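Q: coordinates only, sequence not included:
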């Protein structure tokens, strides 16, 4: 079974930084895709970033480009999301997730419990 566990969330002031981590098991790094999505209170899920190993690209939603950086460490079975210049609108629960189907990075098949990020103004 694929299991994911995100951590590293917290309360930070606008302009600050956080680094989210995600421990992954039961999934082979280098195949298909893995990413982060978030859900703010009262809003739909939003894809944040995704590493697509099938096409070799890392994708970011427009609102985080230049501020967030996603990385992976296959030796440790970990992925990370470095979030800089945080804004109040980044406040959400963040989830790490695996995408293995036909619509990589758009449809996720497995995800773990989220980690809460709160950015104060």
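A: Noted; the coordinates are in hand. As the structure is a prediction and not an experimental result, all values here were calculated from the model.
Q: so the residue most central in space within the chain bridges to which residues?
A: By Cα atoms, centre = their mean, the chain has its centre lying nearest to residue 36, at 2.1 Å. Applying DSSP bridges to residue 36 gives these bridge partners: residue 49, residue 96.
Q: isn't it right next to residue 70, touching?
A: Yes - in this structure, residue 36 is within contact of residue 70 by Cβ atoms under 8 Å, at 6.6 Å. Bear in mind the C-beta positions are built from the backbone N, C-alpha and C, glycine included.
Q: so what sits against both of the two?
A: 49-50, 79, 81 (Cβ atoms under 8 Å, 6 or more residues apart in numbering).
Q: how much space is there between residue 9 and residue 18?
A: Here residue 9 is placed at a distance of 7 Å from residue 18 (Cβ to Cβ, to the nearest Å).
Q: Equivalent analysis for residue 62, please.
A: From residue 62 to residue 18 the distance is 20 Å (Cβ to Cβ).
Q: Compare neighbour counts for those two and give me the winner.
A: residue 18 (21 against 6; other Cβ atoms under 10 Å).
Q: Once you drop chain neighbours, what's closest to that one?
A: residue 83 (5.0 Å; Cβ to Cβ, 6 or more residues apart in numbering).
Q: Many thanks, have a good one.
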